[in-house]
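[1] Sequence and predicted model, in that order:
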Amino acid sequence: MGNLIGLAWRLLRGGGRRGLLGAGLTAAAVAISTALLLFTVAVNFAFQGRADREAWRNPVAAADGAVAVESVRTDHVRGQRITVVNLTALKPGVPAPPGLTRFPAPGEVWFSPALAELAGSLPAGQLADRFPGRRAGTVEEGTLVHPGELLVVRGQTPDSPELTVRAPGYADRDRGVGPVRISSFAGRHTDEAVGYQILGVVASVLMVVPLLVFGGAAARLTVARRDQRLAALRLVGATPGQVVTMTVAEAVITAFCGALLGLVLYGVCSPLLTGIEVAGGSWFLADLWPGAPAVAGVLVAVPLLVGLSAVAGLRRVVVSPLGVARRETPPAMRFIRVVALLAALATVPVVGGMGAGVGIFALSLGLAFGAVNLAGPWVVGRIGRIVARTARGPARLLAGRRLIDDPRSAWRTVSGVAMIGFIAGFIGLLVPDSGLFGSPDAAVLRVSAPPARLSEVAGQARERLSAAGVPATVRMTGGSEGKLKVVAVTPRAHDAATLDRARTALTGLVPGGVATTAADDQRASNRMLGDIRTGVVAVLAVCFLVAIASAGITAASSVLDRRQTYALLRLAGTPLSVLNAARRSETLIPLTVMGGGTIAAGMFCALPFVYAALNTTGLTVLLTCVVLGFAGVVGAGAASAPLLRSVTADPAPRPD
Amino acid sequence: MNVVLEGIGLVKRFGPAVALGGVGLAVRGGEAVAIMGPSGSGKSTLLHCLAGIMKPDEGEVRLLDRRIDTMGERERSALRRTRFGFVFQFGQLLPELPADENVALPLMLGDVSRADAVRRAREWFAPLGLAGMEERRPGELSGGQAQRVAIARALVTRPAVIFADEPTGALDQATGQETMRLLVEATKHNGASLVVVTHDPEVARWCDRVVEVRDGRVLPDPRGTAPAVATVPAAPAAAGPGGWDRETGAGR
Ligand SMILES: Nc1ncnc2c1ncn2[C@@H]1O[C@H](COP(=O)(O)OP(=O)(O)OP(=O)(O)O)[C@@H](O)[C@H]1O
Ligand SMILES: [Mg+2]
C-alpha cells in the first residue's frame, strides 16, 4: 500500500512537463470548484447568521416569567429602513440585549453606528428628533443584521404608549411587532429571514450540481491521461486493486492540493464578496466564513469525490487490460437511459404537486439533473450517428465519428453548459418580472387611526405639520385594513428632505403608529424580488464560469490525449483549420441539441412551481444564457487552439 | 529517370548538436531509397527536411524545379497533403474512423466529395489484402493490417513521393517484410518515389538503393549510385489500383 502510493507519487512527479500540466489543470479545476463550493456553503451560513442576529427583534411572547416588554417598529428615512426597538424592564437585573452593554434605562436611546452618523449629518428635524432621549451608547456593529444597518434601541417606561398600545393596522412584521412580554432575547427568525434562507438553499442546490460535475470532469482528466499507462501496468500484471489504489492516490493527492488552493483562493476573494448587497446590506467578513467544521468537511469531501470519480473512470481499464490499449467500437449506449430520463421527468409534476417545500424542490431538481446526465451520452451518441452519416466535409465527419466513439467524453465537454440550459429554463419561468408590483406611490404619507379618533388625529397632524413648517394637505380616508381609517398627508414639495421632515413631525402621532408611504410598505417585498433577480444572475454567472472552465479544461485535455494523432495528421498536411473546425463541431452540435433539450426539460420541471407565464425578465435571462453558452463554449475550445498548434508543431511525435 | 526530389547540402542543428552536417540526396522518379544508419545518426531529421516538415538551417530542398524549404508553413502543408504521402511507425490512423474513411480522409481534405472519396479509398483494400476490412476500426485491425491501411492512405492522393519512417518498426520480422514488399510494390505501381527509413537490412533489400547515414553525413553507397532495379515501369498516373495484383507482384 505505502509502496503503491509512493509509486503513484513518483508517477505524478515524473510525468514530465505535460504530465505536470495535466496535474496542474486538475488542481486548478478542483481549486476553483472548491472555492465556489465554499462560497455556496458559506452563503447558507451567512443567511443563517443574519437570521440569528435579527431574531431578538422578532420577540416571542413568554408564557410566564416575563422579564421585559419589547415592541418593534419600522420607520423610514431617505428610502432606507430604520428598525426601532422599544424596551422596558419588568424587574431589575435583566440581561442586556445583543449589541448593547447593558439594558437601556427609560429615556435612553442607543443608535447603531450608521444611524448615529446619518442622524448627525441630517438636520435634526428630519431624523434625530424622532428619537428624543439621552444617547447612552452605540449598538455594536458586529451584532447588526448587516454592516451599516439603521437600528435604534429605546429604553421606555413601562407605561409608555409604545409598550402598552397595540398599534392599529399592524398585521405584518414589515410594519411592527408587539408590544410583547418576553422572558429572553431569543426570539425567532423573521419570515423575511426564512425566505432568504430558502432562496439560499435553492441557489446552493442549483450551484452544487454543476460544481460536482466540474470536479468529476477534473478527476476524469487525470484518469484519461493515465489510462494508457495504467493499462500497460495491468498488462504486466498489476492487480486491479493495485491499479485502483495508485490512480486514486494520484487523483486524491492532486485534488487535495487543489482543494487547499481553493481554500486560499476563497480566503483571498471573500473580502470582495462581502460587498455583494442582499436584503439591503452587505456582509460581515465573518458571515462568509462557514466555520472550521464545514471547511474541513469540504476539504475532505472534494478529494473524496474526485477519488470516487476517478475509480468510475477507471472501470474500463480495470475490467479489461486491453480495454484501453486496444480501441474497439464501444458497445452502444442503452436506450434504457432515455427511459430513465422520461420516467424522472414524469415524476417531477407528481413530486412538485406534493407541496413547494425546500426538500421537495431540491429532490425534483436532483432527479431531473441526474436523469439529464444519464441520458446525455446516449443522445450525444445518436447525434454523432446522424452527423457522421450526413457529413460531407472532413471536419464534420471527424466530429461525428468522435461523438460516436466516445459520447461520454463529448458529453462531459458540453454537460456543464447544457446543465445551465436546464437551470436557465427553470429560472426563466420562475424569475419574477421587475414590474410585478408596479411603482407604488411615494408621495403620500399615511397613518392608521381608530375610527373614533380620526378627526382628532387629523387635526393634530395639521398642527404638527404647520409647527414644523411643512406645507401639506391632510385628508381622512377609509383604510383598506378592516374598519380602520387612514389619515393621508401629502406634502406640497416632493423632495426627500420635506418627506423626512413630515415623517419626523408625525412621529408618535398615533401611539405605536408610524407614517409610511405605499413605497415604504412595499420596500421589503420589492427588495426581495430584486434580490431574487440578483441571485439568479449570481447563480448563472457562477454556473457559467464553472461550465465554461470545465469545457475549456476538457477541450485542452482532449487535445493532450490525442496529441499524437493530431500531430501525425498535421505532418501529413491536414490544415490546422480542419482540425479546429472538427473540434468545434464536436462540441457545438451536441450543445445545440442538448442545450435546447435541457432548456425544455428545465421549463418542464419548473411548471409545478410557476404562478405566472414567461415574462420579459425570464426571456431576457434565457436568451442571455443561450448567447453566453455558445460564446463560452466556442471561446473555451478556441482557447486550446494554441495548445493544439504547439503539440502538433513537434515534428517527431512520440507516443509519450 | 529524372530527379524528382533533391536535397542539397542540408544542415540541421539542434542547439549545439549537429543532426545533419551537409547531406545531399537525390531521389529519382519511381525509385525506392532506403535510409539506414545507427540510432541518432540523423535519419528522421533528413526525412523531415526532405518532406518539408522541418526547415533545414542550410542547404536547399527541391521538388521537381520548386524550392520547398523556403515556403511558408501553409504552403508546405498543402504540398505535403497533395504531393507527398506518409507512413509512420504507428498511430497515424484515427482510432474513431473506420478503415475506409481513414483512407478517404486525404481525398476529402482535397475537396473530393465524400461518396467519391470513400469509393476510391475502397479500391485499395483488395490489392493490399484488406478485403472485408473496410468498416473495421483501427483498434480492430492487427498491426500489419493497420500499416497496410496507412499505406493505402498515403497512396490514395497519388502523391509524387512517399515518406516512411520505420514503417515496419512495430511489426515482427515476417509481417514487416511482407508490409515492406507491399509498400514498395504499391508505390512503384503508382509511379511514386519512396524514401524509407529503416533499421532492418532485410527490409532495405526491397529498395533500389540504400543510403547510409552516420553522424549526420551520408556514406558513399557501396553498391554504387546506379539504382539496382532501374527499369521499373511507372504506371500511367491515371491508372487505378485495380490493375495491380499483389500476388503476382506490382504489375511487373
Ligand atoms: N527536436 C529535437 N531537439 C533536439 N535534438 C534533436 C531533436 N530531434 C533530433 N535531435 C537530435 O538529432 C540527432 C538525430 O536525430 P534523429 O531523430 O534524426 O535520429 P535517427 O537517426 O532518426 O534515430 P533513430 O533511429 O533512433 O530514430 C540525434 O542526436 C537527436 O538527439
Ligand atoms: Mg528516427
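    Happy to help now that I have it. Ligands and ions are numbered 1, 2, ... in the order given.
[2] does A:Leu265 belong to a helix or a strand, and which?
    If you go by DSSP states H and E, A:Leu265 is part of helix A:240-273.
[3] I'd like to know which elements that helix is packed against.
    When contacts are defined as 3 or more CB pairs under 8 Å, 6 or more residues apart in numbering or on different chains; DSSP states H and E, helix A:240-273 packs onto helix A:2-13, helix A:16-54, helix A:191-235, helix A:292-319. (Each C-beta comes from the backbone N, C-alpha and C, glycine too.)
[4] quick one: buried residues of the second one?
    Residues of helix A:16-54 classed as buried under the neighbour-count rule (16 or more other CB atoms under 10 Å in any protein chain shown) are A:19, A:21-23, A:25-51, A:53-54.
[5] what ranges do the strands span in chain A?
    Here chain A has its strands, by DSSP state E, at A:68-77, A:80-89, A:108-111, A:134-138, A:150-155, A:176-182, A:445-449, A:472-478, A:485-491.
[6] average pLDDT for the first one?
    To tie it back to what came earlier, the one meant is strand A:68-77. For strand A:68-77, mean pLDDT is 88.
[7] Show me what that strand pairs with in its sheet, parallel or antiparallel.
    Strand A:68-77 has its sheet partners listed here by DSSP bridges as strand A:80-89 (antiparallel), strand A:176-182 (antiparallel).
[8] next one: the third one
    Pairing partners of strand A:108-111, with direction, according to DSSP bridges: strand A:134-138 (parallel), strand A:150-155 (antiparallel).
[9] Flag whichever of the helices and strands packed on helix A:240-273 has the least confidence on average.
    Among the helices and strands packed on helix A:240-273, helix A:2-13 carries the lowest mean pLDDT, a mean of 64.
[10] Would you check how far apart the residue nearest to the spatial centre of chain A and A:Leu445 are?
    Most central in chain A under CA atoms, centre = their mean is A:Ala203, positioned 3.9 Å from the mean C-alpha point. Using CB to CB, to the nearest Å, one gets 37 Å for the distance from A:Ala203 to A:Leu445.
[11] Just give me the neighbour total for the closest residue to A:Ala29 other than its chain neighbours.
    Distances taken as CB to CB, 6 or more residues apart in numbering or on different chains put A:Ala218 closest to A:Ala29, at 3.7 Å, once the chain neighbours are dropped. Counted with other CB atoms under 10 Å in any protein chain shown, residues neighbouring A:Ala218 total 31.
[12] Could you do A:Ala124 as well?
    For A:Ala124, using other CB under 10 Å, the count is 12.
[13] mind checking the backbone torsions on it?
    phi -60, psi -30 (degrees, to the nearest 10).
[14] With A:Pro95 instead?
    phi -60, psi 160.
[15] now do B:Ala186
    Per degrees, to the nearest 10, the backbone of B:Ala186 is at phi -60, psi -40.
[16] At which residues are the strands of the stretch 51-200 of chain B located?
    B:58-63, B:66-67, B:84-87, B:161-165, B:193-197 (DSSP state E, counting those that start in this stretch).
[17] Next to chain A, which bits of the stretch 1-150 of chain B? Give me the list.
    B:44, B:48, B:51, B:53-54, B:74, B:77-82, B:84-86, B:88, B:91-92, B:94-98, B:101, B:105-106, B:108-109, B:113-114, B:137-140 (CB under 8 Å from any CB of the partner chain).
[18] and ligand 1, which of those contact it?
    B:Ser44 (CB under 6 Å from any ligand atom).
[19] mind listing which of the residues of the stretch 1-150 of chain B next to chain A are in helices?
    B:44, B:48, B:74, B:77-82, B:101, B:105-106, B:108-109, B:114 (DSSP state H).
[20] buried sites along the helix or strand of chain B with the lowest mean pLDDT?
    The weakest-scoring helix or strand in chain B, judged by mean pLDDT, DSSP states H and E, is helix B:201-204 (a mean of 81). Residues of helix B:201-204 classed as buried by neighbour count (16+ other CB under 10 Å): B:203-204.
[21] export it as CSV, just CAs?
    The C-alpha coordinates for helix B:201-204 follow below in CSV (Å, rounded to 0.1, in the frame of the first residue of the first chain):
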residue,chain,number,x,y,z
PRO,B,201,18.7,-4.7,-43.8
GLU,B,202,16.2,-7.3,-44.9
VAL,B,203,13.6,-4.6,-45.3
ALA,B,204,16.1,-2.4,-47.1
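[22] Count the residues that sit near B:Asp200.
    Neighbours of B:Asp200 (other CB under 10 Å): 17.
[23] no, scratch that, I was asking about A:Leu163
    Neighbours of A:Leu163 under the rule other CB under 10 Å: 23.
[24] Pretty sure it sits against A:Val85.
    No: A:Leu163 is beyond contact range of A:Val85, at 10.9 Å (criterion: CB atoms under 8 Å).
[25] Overlap in contacts, those two.
    Overlap of the contact sets of A:Leu163 and A:Val85 (by CB atoms under 8 Å, 6 or more residues apart in numbering or on different chains) consists of A:70-71.
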